[in-house]
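Enquirer: Based on what follows, work out the 3D shape:
(one chain, ligands or ions: 4)
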Amino acid sequence: MAQMYYNQDINEKVLEGKKIAVIGYGSQGHAHALNLKESGFDVRIGIRPGNSADRAKNDGLDVKSVAEAAQEADVIMVLLPDETQKAVYEAEIAPGLVAGNALVFAHGFNIHFEQIVAPADVDVFLIAPKGPGHLVRRTYQAGAGVPGLIAVYQDATGQAKDLALAYSKGIGAARAGVLETTFKEETETDLFGEQAVLCGGAVELVKAGFETLVEAGYQPEIAYFECFHELKLIVDLMYEGGIENMNYSVSDTAEWGEYVSGPRVVTAESKAAMKDVLTDIQNGTFAREWIQENETNRPQYTAKKQAVKDHQIEQVGAKLREMMPFVGQKASAEVVGK
Ligand SMILES: NC(=O)C1=CN([C@@H]2O[C@H](COP(=O)(O)OP(=O)(O)OC[C@H]3O[C@@H](n4cnc5c(N)ncnc54)[C@H](OP(=O)(O)O)[C@@H]3O)[C@@H](O)[C@H]2O)C=CC1
Ligand SMILES: CC[C@](O)(C(C)=O)C(=O)O
Ligand SMILES: [Mg+2]
Ligand SMILES: [Mg+2]
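Expert: Ligands and ions are numbered 1, 2, ... in the order given. Down below sits the predicted model:
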């Protein structure tokens, strides 16, 4: 088994007294900044004027321009969207870097795909929470945490790994478990997971199930409860105790259906498609196309986002959720602009 690091294995003193700049105050930024501050670290936010800056001020944080925060900090955590990091780094972060600083990421995209090349005399490492930022915050507040990965790309000071571990403890990741990886492994597995399983795979599975029932004449509300709402409840059981735990709670009829029909839906062809997705990530095709999509003002991204918004499952779901206020908090209400 891989070596896991937990709170008791980590000495956070190496990060004490260091000035940390969290650049960006979105999904990950707000969680890192608030968790680090509540863990006793010295945090400032680097952000452009706007909604995020206003939220950070309202949350009681020390808010500065990106250039100012990056310049005064020892540890600079870049929590901007991946597609804007290169431009902001070159214009506002790089000019303030000095030998011995740490340039830090939550995802390896820009370093691994060589969009950002840091000076040799700074540490470059990552702390990648394996969960959405809003859950990094909520679980920390609940006394728990979201697991994380650390990786060191450049160790100019000889302290990079210890700093990464201390930071991971500060955001609560080491309450759940932290393991060491490389920028290559983090970048490729993270992109694969979100595309094939967590976001791409799950959304397409849910939409296809919903559409199949509705096209067969069943009520959309029933299709929503069956293929969308209940998915969380089923996945919660898997999360809590594995597939066996979920199967213990569902009927034997459901479990038998899982064995005979699951492989009819997610087939050898689906797995071959997953391998194609992984190849495109590994050989840089996905990164190249995403960078190009941004350079041309996101035409496909915008059209596809609208298509999801217009899908019947979103309309039906919104109405049903209005009647279930207990369902939970909305990440988009916690951090506007996502
Ligand atoms: N979302 C997640 O849960 C996860 C994200 N990551 C990684 O974390 C990083 C951040 O992603 P995420 O939290 O999703 O990002 P978000 O889109 O949620 O937030 C981005 C933040 O950057 C600010 N910003 C955008 N452009 C600029 C700019 N030009 N100058 C200054 N500030 C700017 C935004 O402010 P404004 O309001 O002004 O637009 C916002 O505060 C990425 O590397 C991502 O891959 C890793 C693990 C999980
Ligand atoms: C699953 C999507 C993710 O990789 C994450 C929350 O971990 C992301 O990039 O947001
Ligand atoms: Mg991820
Ligand atoms: Mg990701």
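
Enquirer: all strands for the stretch 51-200 of the chain, in order.
Expert: Using DSSP state E, counting those that start in this stretch, the strands found in the stretch 51-200 of the chain span residues 63-64, 75-78, 102-105, 123-129, 148-154, 178-181.

Enquirer: mind giving me JSON lines with these and columns for mean neighbour count, distance to residue 277 and mean pLDDT?
Expert: Heads up, the C-betas are built off the backbone N, CA and C, glycines and all. Formatted as JSON lines, the strands of the stretch 51-200 of the chain follow (neighbours: other Cβ atoms under 10 Å; distance: least, Cβ to Cβ, whole Å; pLDDT from 0 to 100):
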{"stretch": "strand 63-64", "mean neighbour count": "20", "distance to residue 277": "39", "mean pLDDT": "98"}
{"stretch": "strand 75-78", "mean neighbour count": "26", "distance to residue 277": "26", "mean pLDDT": "99"}
{"stretch": "strand 102-105", "mean neighbour count": "26", "distance to residue 277": "23", "mean pLDDT": "99"}
{"stretch": "strand 123-129", "mean neighbour count": "25", "distance to residue 277": "19", "mean pLDDT": "99"}
{"stretch": "strand 148-154", "mean neighbour count": "22", "distance to residue 277": "20", "mean pLDDT": "98"}
{"stretch": "strand 178-181", "mean neighbour count": "20", "distance to residue 277": "20", "mean pLDDT": "98"}
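
Enquirer: TSV for the ones you listed, including distance to residue 138?
Expert: What follows is those, written out as TSV (distance: least, Cβ to Cβ, whole Å):
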stretch	distance to residue 138
strand 63-64	23
strand 75-78	20
strand 102-105	22
strand 123-129	12
strand 148-154	15
strand 178-181	19
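
Enquirer: Show me what the host helix or strand of residue 321 is packed up against.
Expert: Secondary structure from DSSP states H and E places residue 321 in helix 312-322. Contacts defined by 3 or more Cβ pairs under 8 Å, 6 or more residues apart in numbering; DSSP states H and E place helix 312-322 against helix 200-215, helix 220-224.

Enquirer: what does the average pLDDT come to for it?
Expert: Helix 312-322 shows a mean pLDDT of 97 in the predicted model.

Enquirer: Which residue ranges of the stretch 51-200 of the chain form helices?
Expert: 51-58, 66-72, 82-88, 109-112, 133-141, 160-170, 183-192, 200-215 (DSSP state H, counting those that start in this stretch).

Enquirer: where's the residue of the stretch 1-150 of the chain at minimum distance from ligand 1 relative to ligand 2, distance?
Expert: Taking Cβ to the nearest ligand atom as the measure, the stretch 1-150 of the chain has residue 26 as its residue closest to ligand 1, at 1.8 Å. Shown here: residue 26 relative to ligand 2, a distance of 10 Å by Cβ to the nearest ligand atom, to the nearest Å.

Enquirer: Isn't that residue up against residue 133?
Expert: Yes. Between residue 26 and residue 133 a contact is recorded at 7.0 Å, counting by Cβ atoms under 8 Å.

Enquirer: So if I had to pick from these two, which one is more boxed in?
Expert: residue 133 (23 against 19; other Cβ atoms under 10 Å).

Enquirer: Phi, psi for the spatially closest residue to the more buried one that is not a sequence neighbour please.
Expert: Computed as Cβ to Cβ, 6 or more residues apart in numbering, the closest residue to residue 133 that is not its neighbour in sequence is residue 27, at 3.3 Å. The phi/psi pair for residue 27 (degrees, to the nearest 10) reads phi -60, psi -60.

Enquirer: Make 516 the starting number, not 1.
Expert: Noted, 516 is the first residue going forward, which turns the last one into residue 542.

Enquirer: tell me which parts of the stretch 616-765 of the chain are close to ligand 2?
Expert: 646, 647, 705, 709, 713, 714 (Cβ under 6 Å from any ligand atom).

Enquirer: Quick one: residues contacting the third one.
Expert: Applying Cβ atoms under 8 Å, 6 or more residues apart in numbering to residue 705 gives the contacts 622, 623, 643.

Enquirer: Ligand 1 next: which of these are close?
Expert: Within the set of the contacts of residue 705, contact with ligand 1 (Cβ under 6 Å from any ligand atom) is found for 622, 643.

Enquirer: List buried residues within the residues of the stretch 616-765 of the chain next to ligand 2.
Expert: Neighbour-count burial (16 or more other Cβ atoms under 10 Å) is assigned, among those, to 646, 647, 705.

Enquirer: what's the closest non-adjacent residue to the second one?
Expert: By that I understand residue 647. residue 542 (6.1 Å).

Enquirer: Would you pull up the residue in the stretch 566-715 of the chain closest to ligand 4?
Expert: residue 705 (4.4 Å; Cβ to the ion).
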